[in-house]
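Asker: Sequence below, structure please.
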Amino acid sequence: MSRTRLAGLAGALALFAMAVFGGEYSTFNWLKLRRQLAEEQDTVRALQAEIDSLARLAHDLETDPAAQERAAREEFGMIRNGEILYRIVPPRDSVRR
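Answerer: Numbers count the residues shown, from 1 in each chain. Below you'll find the model as predicted:
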């Protein structure tokens, strides 16, 4: 193999290595950014699902009397006339020292 051909092959190999691993815009960084983008898109989808769920809950609380009653009972401990409310309160210090 001639010296010129060997130098050309070494140069091509060096350029290939720079394209894959070197610099700010390397293929390695591009793949890393694509992986991060996919993770962030998954996070956005999960948050969007949570927002949709909360929006449905807010709509139900504004319009559905059954949902309003359920929230009043669960969140605020409200009862109807004639009902008795029992609350189970955990002990303050459940672990003995």
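
Asker: tell me the average confidence for the helix or strand harbouring E40?
Answerer: For E40, the element it lies in under DSSP states H and E is helix 27-63. For helix 27-63, the mean per-residue pLDDT is 94.

Asker: Skip ahead from that helix and say which helix or strand is next.
Answerer: According to DSSP H and E, the helix or strand after helix 27-63 is helix 65-76.

Asker: any idea how far that next one is from the chain center?
Answerer: With Cα atoms, centre = their mean, to the nearest Å as the basis, helix 65-76 stands 29 Å off its chain's centre.

Asker: what about P90, which SS state?
Answerer: With DSSP: H, G, I helix; E, B strand; the rest coil as the basis, P90 sits in coil.

Asker: so how many other residues sit close to F28?
Answerer: 12 (other Cβ atoms under 10 Å). To be clear about C-beta, it is placed using only N, CA and C from the backbone, and glycine gets the same treatment.

Asker: distance of it from L13?
Answerer: Counting by Cβ to Cβ, to the nearest Å, the gap from F28 to L13 is 16 Å.

Asker: what do you get for S2?
Answerer: 16 Å.

Asker: Just want to know which of those two has more residues nearby.
Answerer: L13 (10 against 7).

Asker: Can you list the helices and strands that whichever strand or helix holds the more buried one packs against?
Answerer: If you go by DSSP H and E, L13 is part of helix 3-21. The elements that helix 3-21 packs onto, with contact taken as 3 or more Cβ pairs under 8 Å, 6 or more residues apart in numbering; DSSP states H and E, are helix 27-63.

Asker: Just the buried residues of the helix it packs on, please?
Answerer: By neighbour count with 16 or more other Cβ atoms under 10 Å, helix 27-63 contains no buried residues.

Asker: relative orientation of the helix holding L13 and helix 27-63 in degrees?
Answerer: If you take axes from the mean of the first three to the mean of the last three Cα atoms, to 10 degrees, helix 3-21 sits at 20 degrees to helix 27-63.
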